[in-house]
Structure formats: C-alpha cells, structure tokens
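K.L.:
need a structure here:
(4 chains)
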2 protein chains.
Amino acid sequence: MSAQGSKPPVAPESPDSKSVTGRAFLVLDAFDVEHRHQSLASIARRTGLPLTTCHRLVHELVAQGALTRTLDGSYEIGSKIWRLGILASLHSDLREVALPYMEDIYQLANDAVQIGVLDGFRCLIVERIAGSRTLEVISKPGARLPLHASGVGKVLLAHGSTDLQNAVFASLDSYTGQTITDVAVLKPQLEAIKSKGFAHSKEELAVGATSLAVPILGYGNKVIAALGIVTPVENRDIERMVSVLKVSANALSKKLILNGMGDLNQRV
Amino acid sequence: MSAQGSKPPVAPESPDSKSVTGRAFLVLDAFDVEHRHQSLASIARRTGLPLTTCHRLVHELVAQGALTRTLDGSYEIGSKIWRLGILASLHSDLREVALPYMEDIYQLANDAVQIGVLDGFRCLIVERIAGSRTLEVISKPGARLPLHASGVGKVLLAHGSTDLQNAVFASLDSYTGQTITDVAVLKPQLEAIKSKGFAHSKEELAVGATSLAVPILGYGNKVIAALGIVTPVENRDIERMVSVLKVSANALSKKLILNGMGDLNQRV
DNA sequence: AGTCTGCTTCCGCCCAGCGGAAGTAGACTT
DNA sequence: AAGTCTACTTCCGCTGGGCGGAAGCAGACT
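P.N.:
Okay, the predicted model is just below:
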C-alpha cells in the first residue's frame, strides 16, 4: 500500500537519541547476544555517542543497577533489568502458563521445545527448554528467528497479515541452502500450513535441525504464538509429534484464554 | 572489618531521583510482581513524581519500548526490557548451563526445581522449572525469598559472611509458625548445613511445602548459588534426593567454572 | 622514552526537561 | 441535565541538569 515513504520500509524503531531516556536506551541497546560484555569505548562506538556522554550515562545506569561492571572492567546488563524484564507479560504470562505443557512435551520426546511470538518481522523465542541430551539449538529465549526459515516462524507467517507476508517475501535470506528463498515455493507452503495446522522446516535455518510447529490461539481464534520442537534431522514419527504438539497447543490455548491472556499485545 | 560506615547497613540502593535516568528508573521500579499493570496515576502515586512529569516519562519509555500500553489503558513492562534482561549473566549464563541439569532432576522427581543466588539480604530465584503435576510454588523466577526460611536461602545464608548473617538475624520474620525466628535455633542449623552439605526447610515459608537445597560452587570453592527442590510435605526419600542434588550441583559447579562463570558478580 | 588505547575528571554553555495550570473525556451521583 | 468525580493529555515559560570538548591519568605494547 503506502510503500512510498520518506523513511525506509524496514527500521521498526526510530533511534530517537534526542531525549535523555532515548540516549540511555541507546546505551542499553548497544547490548545484544553477540555483545553481552562491552567496554565503555565499545559502547560509545556502537551507540555513536561521544565518549564522555557515554561515560556519564553508563555510570548513571550502573548506579541504577541497570548495568553492572564485571571484574575485568567491562559492562553488562544488570540484575535490575532482568528483574523488571520478567514482569513483562510476554514472559510472565505466557511462560508461566506454557512451561508445564512444554515440560510434558519434552518428557515425551526429549527434543528441544520452544515457543515464539511475532515481533516485527521476526519470530521472538519467548521460552525454550532443553535437556542435557538435546542437540545444541541456536534459538535461546530472546533470539529472533527469521519467519520463513523456522517452524515457529512459518506458523506465525502463515497466519500473519498480507502486509507482513509481503514484507517478509521482500527479503528471503538464505541460511543453509535448504532455506526457501523462492516466494513461489513459500506461498503454497504457507497455505498448506494453514490448512494442515502445522509447519515443518527441514534444515532451513541450521544444518542438522528439523523443526515442527503448531499455532497457539487466543481470543477469536487469532494466532498469538507458536509452539514447536527442534529435532535432529533424522526425523522420527512426524505424525505422532504433530498430534502431541496439537493436543498441547489446544490445551494451552484454552488455558490462556481462561486466564485472560488471549491477546498478548505484542507491540514492538 | 570496616563494619562501621556512615551509611546505614540496610538500604541497598539510594533512590536517586535527581537525574533523568534516575527518575526514569523510579518509574520502572514502580512495577513489581504485585503491580505488573498500572495506570498512569498509580505510577505517579507510587513514585511520588508529579503527574505531569510522570506522564512525560512514561510516554518516553513507551516510545522506547520499555513500557507498553495494554488494551485497557494501563501500562506494563515492555518487551524491550525483557529482551535486555535475558542478556544479564544471571539469567543467560547460569540458566543456560543449569537448565539441563535442572531438567534431569525434574525428570527423576517431578518436583519443582529451583536455583537461587544471593541478592542483598534475600535469595533471588533465578530459574525454576515445574511441570503440570508440580504443586503450586510461590517462588517464580525473580522472586526474592527470605534467607532464613527457604532451603536455597539457608544454603546461601550458611555460607554467607558474618555481616550478612547478623543482618538477617536482626529481622527473622515469621511466615508459617514453623518458621525459625530464634537465632539460637538457626545458628547451629546453619553450621549443620555447612558440615552436611545440604539444607532442609519444612513448611517454614509456606504450609505444604518442604524444600531441600545444596550449594553450587564457583572459583575457589566459593558458594555462588543454591540448587534446590520443593516437594509436598510428605517428603519421600530425603537421603536419595539430597544425593541426586549433590551430584547435579557438583557437575554444574564444574561446568560453570569450566565455562568461566565461576564468579557471577552479584552486585546489587 | 614514546605512543598506543581506554577510562576518568573538569567545567562553562545552553537547551531539554520541568511541572503548574488549564483543557478533555468518561463514569458515577444528585 | 447539570454537577462532580477521577484519569489523562496539552500547553508553555523558567531554569538547572545534561552536554561534550579538553585535558589528565593509567596501563600495555614498541
């Protein structure tokens, strides 16, 4: 539709480095999975803030407990932020209700179990469980998987708006060679996911990892999340696992609605 | 040592409402487990900030994704904070390594399994798992249990500094009637915990919940966390469970040290 | 001794943040 | 229907907290 804007179509957030809070969060945003520990200089570099300014902000954040200084002098996210973060409904509501069900699935299969929601043009992994016998999976909680190359992602994409789908179709990055980068292939697959009620991704994101996923429904049967497992390639009984997932997802959906969490407002 | 300071022993944090970031975090701190959803007015009331000021801060925080406005107009912690929070080493490091071991314990006992670290004069629950067959436990992740009335807490207390112990002894709140409020009783029990290597708490925090806990060691055999289970009162084979816990804790300790996480700087 | 890179302190300019006042919207009372 | 709550939002002029260049400090590498 109104694709012609002055701002690029991507860029879900405006950096807003004008206000003090904006700058403070610029600093915090300098931290991500690849940059969990950083020196002051690194933060300054990544945020683009003058070193001095950065220094003051970092100190204030440390005083607030939002950042912590580690033994080696570098900084990392502090426990205050963590404690606040678990109050987010994403975590607290969904996880609290979903974990027992995920636990049950895990006991049946001993495969990694994960749950994800839509976050912008990605699938945000909200929770995952894995035992010592599980294969290493890249998707830890907080990870943001591509929508077109993961089981949970495909479920969300298939049930997403056409706007969302078109946006995703516009940039189908490849990860393994098995990754589907052709819209003509992907589109019918999404249709199949909607009709069959589950998604399947075979080494499309990482070699050696197959995933299955089913939708979780909220108010008005709207898809609010996806529940999936990740198994080694040599996939066992897909049919059986899908039905296990479906049973759990149904029970979970009902419980979420019952507990008044059928929306999970996922504003970015 | 330098126990005589000008600042009072309690009051781990200074409110510091002077700087903008200070005020911003005042707002965020208005949220806790009992106040996960709040109206603007409620936030203003709890922070003591003028309504207008609060209004502006809240809006900026919403723009940053640190807060979210729900359908009913109230505010809650946003996904940005959650995403940042899981980068905290508390969560990311400890949990990532510990979960598989916790999972294994859970499979053996089907009791709630939890892991906690020292946070001020409380035991901060970092991770917990529980299945659908587990009894409801008050201690969700982020909960801060009293040190003298929980298994994990007692482990940390027993291995804590004398300063810490004295501070805790000064206010032994009672929760169930089984709670130990007499220092003369508690002190020898802490000694026993150190010598025997595990703590036991029987309905001291909540009626119907017994817990067992063992220490997790970091560099230099310093106790950095506690691993425990919570079971219904009718405790089964304590001996067996303790040995299971000890085996897991040992393996976990080794792995933490191996991965260079033997400190877990828990600055408040 | 020289030169890195990384962190911290200082200080004067000035604009972003402040918050009282007034305006808007809905819900509940008389 | 007018009155009165409570809850939120917009406006705007004053001012003090934030800004960031410059300079100082400390360790590591040549």
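
K.L.:
How about the residue in the stretch 51-200 of chain A that chain B sits nearest to: what's its closest non-neighbour residue?
P.N.:
Ranking the residues of the stretch 51-200 of chain A by distance to chain B (CB to the nearest CB) places A:Gly85 first, at 2.5 Å. Any C-beta I mention is one placed from the backbone N, CA and C, and that applies to glycine too. Leaving aside its sequence neighbours, A:Gly85 sits nearest to B:Gly85 (CB to CB, 6 or more residues apart in numbering or on different chains; 2.5 Å).

K.L.:
Same question for A:Gly78.
P.N.:
A:Thr68 (4.1 Å).

K.L.:
thinking again about what came up before, is it correct that the residue of the stretch 51-200 of chain A closest to chain B is in contact with B:Leu87?
P.N.:
No. The criterion here is CB atoms under 8 Å, and A:Gly85 misses it with B:Leu87 at 9.3 Å.

K.L.:
Between these two, point out the one with more neighbours.
P.N.:
Neighbour tally, A:Gly85 and B:Leu87, criterion other CB atoms under 10 Å in any protein chain shown: the higher count belongs to A:Gly85, 27 against 22.

K.L.:
State the distance from whatever residue of the stretch 101-250 of chain A ends up closest to DNA strand D to A:Tyr106.
P.N.:
Nearest residue of the stretch 101-250 of chain A to DNA strand D (CB to the nearest atom of the strand) works out as A:Tyr219 at 22.8 Å. Relative to A:Tyr106, A:Tyr219 is positioned 28 Å away (CB to CB, to the nearest Å).

K.L.:
Likewise for A:Ser89?
P.N.:
24 Å.

K.L.:
do the same with A:Gly197
P.N.:
21 Å.

K.L.:
The two: which has the busier surroundings?
P.N.:
Comparing A:Gly197 with A:Tyr106 by neighbour count (other CB under 10 Å), the higher total belongs to A:Tyr106, at 23 against 14.

K.L.:
so which strand or helix has the more buried one?
P.N.:
helix A:96-109 (DSSP states H and E).

K.L.:
Would you pull up how far that helix lies from the middle of the chain?
P.N.:
On the basis of CA atoms, centre = their mean, to the nearest Å, helix A:96-109 sits 18 Å off its chain's mean C-alpha point.

K.L.:
and that helix, what other elements does it pack with?
P.N.:
Contact here means 3 or more CB pairs under 8 Å, 6 or more residues apart in numbering or on different chains; DSSP states H and E; on that basis helix A:96-109 packs against strand A:112-119, strand A:122-129, strand A:223-231, helix A:238-258, helix B:96-109.

K.L.:
Check the residue nearest to A:Lys194 when sequence neighbours are not counted and give its pLDDT.
P.N.:
Once flanking residues are discounted, A:Lys194 sits nearest to A:Ala158: 5.1 Å by CB to CB, 6+ apart. On the pLDDT scale, A:Ala158 is placed at 97.

K.L.:
Please apply the same query to A:Met1.
P.N.:
36.

K.L.:
and A:Thr52, what does it touch?
P.N.:
With contact set as CB atoms under 8 Å, 6 or more residues apart in numbering or on different chains, A:Thr52 has no partners.

K.L.:
and it, what helix or strand is that in?
P.N.:
helix A:51-64.
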